[in-house]
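Undergrad: Next input, structure requested:
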Amino acid sequence: MKFKKTLLIAAILAGACTVPLANAYADDAGASSGLVAADGSKVDSNAAKDAKKKGGGFYDIVFGSGVVGMLLWFALFGDGILAIWFCIDSSILIKPEKLMPQKLIDQVQSAMSQGDIVAAMEACQNTPCAMSNILLAAFSHVEEGFDVIQEAVTAASDFEQEKLMQSLTWISVCSNLGPSLGLLGTVQGMILTFQALAAGNAGDAAALASSIGQALWTTAGGLIVSIPSITAFYSLRNNANRRILRMTAVTMEFLNSLRNVEVAPEEAV
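TA: Residues are numbered from 1 along each chain as shown. The predicted structure follows:
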């Protein structure tokens, strides 16, 4: 729960920092008085201030980019929220106490030290998790020999790893969607800009600069979503792989005592 709260606080702080930076950047860009019109004359500073008031803030960048632009911005916000959600969910999913509870390990270790496989299986059934699934796969093939047990453990480990990867893959999906949505917003903004040029509005430098700025902000938004998401994905994936390998190693340690065990065939009654 502490880690979940930390991620939520970090997400809120990141959002709180991004909007002021966007406003500051837009204000600085709009305050510039070096704009030159198509005929070579300088644009009046008052006109630049008016353009800043009309489209300089982040709110105006989002809601002043047209219907398609607003939909893309909402898609970017949704993609970022989903990325945060999947990161939190996956970080909870791969916690050691979720994958391999210490209580389960102690119970199985105690049962195996006494040679009671039935008690070990009951402990696994009472504590469902990835570790218990791997152990049950091994215990269910005890009578078939150690080589078969190893194959069962490997297959169960691969299955549990695939289940974890399916959850983590959604983070990668969100990280890939961010730049794609941002690029689509940039293309849409550039199309509007060139349409304005074609309509004979080349002399309105402030309006053209505002349109180009709106187009580029979507790409920046996509990268803001993508970079943390892809970093979190690889970090969580590596942690998940390490814990799967750890569970496999612990399982094989439990089963080493069965390496030389020979199971006698049942006598016919």
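Undergrad: isn't A111 right up against C124?
TA: No: with contacts defined as C-beta atoms under 8 Å, A111 does not count as touching C124, sitting 9.7 Å away. In this view, the C-beta of every residue, glycine as well, is placed from N, C-alpha and C.
Undergrad: so the closest residue to C124 other than its chain neighbours is in which element?
TA: Once flanking residues are discounted, C124 sits nearest to S132: 3.8 Å by C-beta to C-beta, 6 or more residues apart in numbering. Element membership of S132 [criterion: DSSP states H and E] is helix 130-139.
Undergrad: ok, and what's touching that helix?
TA: Identification of contacts with helix 130-139 by C-beta atoms under 8 Å, 6 or more residues apart in numbering yields 98-101, 104-105, 108, 117, 120-121, 123-125, 149, 152-153, 155-157, 159-160, 163-164, 244, 247-248, 250-251, 254-255.
Undergrad: Would you list the buried entries among those?
TA: Restricting the contacts of helix 130-139 to buried positions leaves 99-101, 104-105, 108, 117, 120-121, 123-124, 149, 152-153, 156-157, 160, 164, 244, 247-248, 250-251, 254-255, with burial counted as 16 or more other C-beta atoms under 10 Å.
Undergrad: Helix or strand next in line after the helix or strand V173 falls within, which one?
TA: Using DSSP H and E, V173 sits within helix 146-198. Where DSSP H and E defines the elements, the next helix or strand beyond helix 146-198 is helix 205-255.
Undergrad: which stretches of this protein aren't confidently modelled?
TA: Along the chain, the model assigns pLDDT under 70 to residues 1-56, 58-62, 64-66, 201-208, 210-211, 257-269.
Undergrad: contacting residues around the closest residue to Q107 other than its chain neighbours?
TA: Of all residues beyond its chain neighbours, the one nearest Q107 is A123 (3.9 Å), with distances taken as C-beta to C-beta, 6+ apart. Each residue near A123 by C-beta under 8 Å, 6+ apart is listed here: L104, Q107, V108, A111, S132.
Undergrad: Now do the helix or strand harbouring A123 against helix 205-255, angle only.
TA: Element membership for A123 (DSSP H and E) is helix 117-126. Taking axes from the mean of the first three to the mean of the last three C-alpha atoms, to 10 degrees, helix 117-126 and helix 205-255 form an angle of 160 degrees between their directions.
Undergrad: sec struct for L76, please.
TA: helix (DSSP: H, G, I helix; E, B strand; the rest coil).
Undergrad: is it true that it touches L184?
TA: No: judged on C-beta under 8 Å, L76 makes no contact with L184 at a distance of 10.0 Å.
Undergrad: Same drill for these two, tell me which one is more crowded.
TA: With neighbours defined as other C-beta atoms under 10 Å, L76 and L184 compare such that L76 has more, 23 against 18.
Undergrad: about what we covered before: dump the helix holding A123 to CSV, restricted to CA.
TA: Taking only C-alpha atoms (Å, rounded to 0.1, in the frame of the first residue of the first chain), the coordinates of helix 117-126 have been written out as CSV:
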residue,chain,number,x,y,z
ILE,A,117,4.4,-34.5,0.7
VAL,A,118,0.6,-34.6,1.4
ALA,A,119,1.0,-31.9,4.0
ALA,A,120,3.1,-29.8,1.6
MET,A,121,0.4,-30.2,-1.1
GLU,A,122,-2.3,-29.1,1.4
ALA,A,123,-0.3,-26.0,2.4
CYS,A,124,-0.1,-25.1,-1.3
GLN,A,125,-3.8,-25.6,-1.8
ASN,A,126,-4.6,-23.4,1.2
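Undergrad: Use 14 as the first number for this chain going forward.
TA: Sure thing, new numbering starts at 14, so read that last one as helix 130-139.
Undergrad: any idea of the angle that helix forms with helix 143-152?
TA: Following the same axes, to 10 degrees, one obtains 150 degrees for the angle between helix 130-139 and helix 143-152.
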